[in-house]
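Asker: I'd like to go over a predicted model; first the sequence, then the structure.
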Amino acid sequence: MIKQLIQRFDEAAVQYDIERTAIGYRIRHILIRSLIRELCKHNNFCLDVGCGTGEYTILMDQLGFSVTGVDVSKGMLRVARAKQRKIHSSDRLQLLGAEGSRLPFKECIFDVAICIAVLDVIPFYNQLLKEISRVLKGSGKLILCIDSLWSPSRIWTGVRDLVRRRNKSKRVLEGLHYKSLTKSMKTEGFIIEKFLGDFLIGQVLTPFLFDPQRKNVAKKLVKVIQPLDGYLTRMELLKLFSAHYIIQARKGDEEEA
């Protein structure tokens, strides 16, 4: 399974950023960036688990974090390092090859960790959450995001793989349900502080607004529709239908956990 995941992301590395120009991904980026900005304190130590092509690693460096990005895919890291050289990033930014379930760090050294679009594509997400908790300082913050079971991206990938008849004899990795995710987070000692969802935007608008040239559309849509989305996704029944689960949590002490 791990070798298959690495191969998948190695092959997707070159086109990965192009796919992220879709309006739905840009809206997701705006929401995640808003959480990161709220937590940003200069010289804080931050960990980006599954950093991919370095989108958020570079952002956090520019915001003043001392940030380390880790990823198991050499292809993804190759793209991230090329972007790092291009922007002449500070010496606060490091990119390392490492598996999220076996992080090469001591305990309690990071103030903030982020994990974007990782937990829903790996079979050992509980171990990854445990590792993140281990390397976070007490009351350290975690921002994570996954595609929901009903996200346009997941549905499209499933249909595409079905048409191509991929992995006919292998079990398809199931996505993470919201309740499964939050239960695992609580088991590993995380206290959920915020939830952001995109009930309308991700489900309805994304398929019709895939246009990399529309740079300002995402910001305008967020301003107009996100308050309604936020209201809808606070309802337990509707929260499950958000296209993405974007969560901010903190590491609790033993009594809170």
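Answerer: On my side now, so go ahead.
Asker: separation between residue 92 and residue 105?
Answerer: Separation of residue 92 from residue 105 (Cβ to Cβ, to the nearest Å): 16 Å. The C-beta positions use only the backbone N, C-alpha and C, and glycine is treated the same way.
Asker: try residue 238
Answerer: Going from residue 238 to residue 105 by Cβ to Cβ gives 38 Å.
Asker: now the one helix or strand residue 183 maps to: mean pLDDT?
Answerer: Using DSSP states H and E, residue 183 sits within helix 178-187. In this model, helix 178-187 has a mean pLDDT of 88.
Asker: quick one: strands adjacent to the next helix or strand after it?
Answerer: Downstream of helix 178-187, the first helix or strand assigned by DSSP H and E is strand 190-197. Note on strand 190-197: by DSSP bridges, its sheet partners are strand 244-251 (antiparallel).
Asker: only alpha carbons, please: show the partner strand as CSV.
Answerer: C-alpha atoms of strand 244-251 as CSV (Å, rounded to 0.1, in the frame of the first residue of the first chain):
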residue,chain,number,x,y,z
HIS,A,244,-13.9,19.3,2.8
TYR,A,245,-13.4,19.0,6.6
ILE,A,246,-11.1,21.7,7.8
ILE,A,247,-10.4,21.5,11.5
GLN,A,248,-8.3,23.4,14.0
ALA,A,249,-7.4,21.6,17.2
ARG,A,250,-5.0,21.8,20.1
LYS,A,251,-3.1,19.1,21.9
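Asker: what is the mean pLDDT for it?
Answerer: 91.
Asker: what does it contact?
Answerer: Outside strand 244-251, the residues within contact range by Cβ atoms under 8 Å, 6 or more residues apart in numbering are 28, 31-32, 35, 39, 133, 136-148, 151, 176, 178, 181-182, 185, 189-198, 202.
Asker: run the angle between the helix holding residue 183 and strand 190-197 for me.
Answerer: In terms of direction (axes from the mean of the first three to the mean of the last three Cα atoms, to 10 degrees), helix 178-187 departs from strand 190-197 by 150 degrees.
Asker: okay, buried residues for helix 178-187 please.
Answerer: 178, 181, 182, 184, 185, 186 (16 or more other Cβ atoms under 10 Å).
Asker: OK, contacts around the fourth one?
Answerer: Shown in contact with residue 184 (Cβ under 8 Å, 6+ apart): 125, 126, 129.
Asker: in a markdown table: those residues, plus pLDDT and secondary structure.
Answerer: Shown next, in a markdown table, are the contacts of residue 184 (pLDDT from 0 to 100; DSSP: H, G, I helix; E, B strand; the rest coil):
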| residue | pLDDT | secondary structure |
| --- | --- | --- |
| 125 | 90 | helix |
| 126 | 92 | helix |
| 129 | 96 | helix |
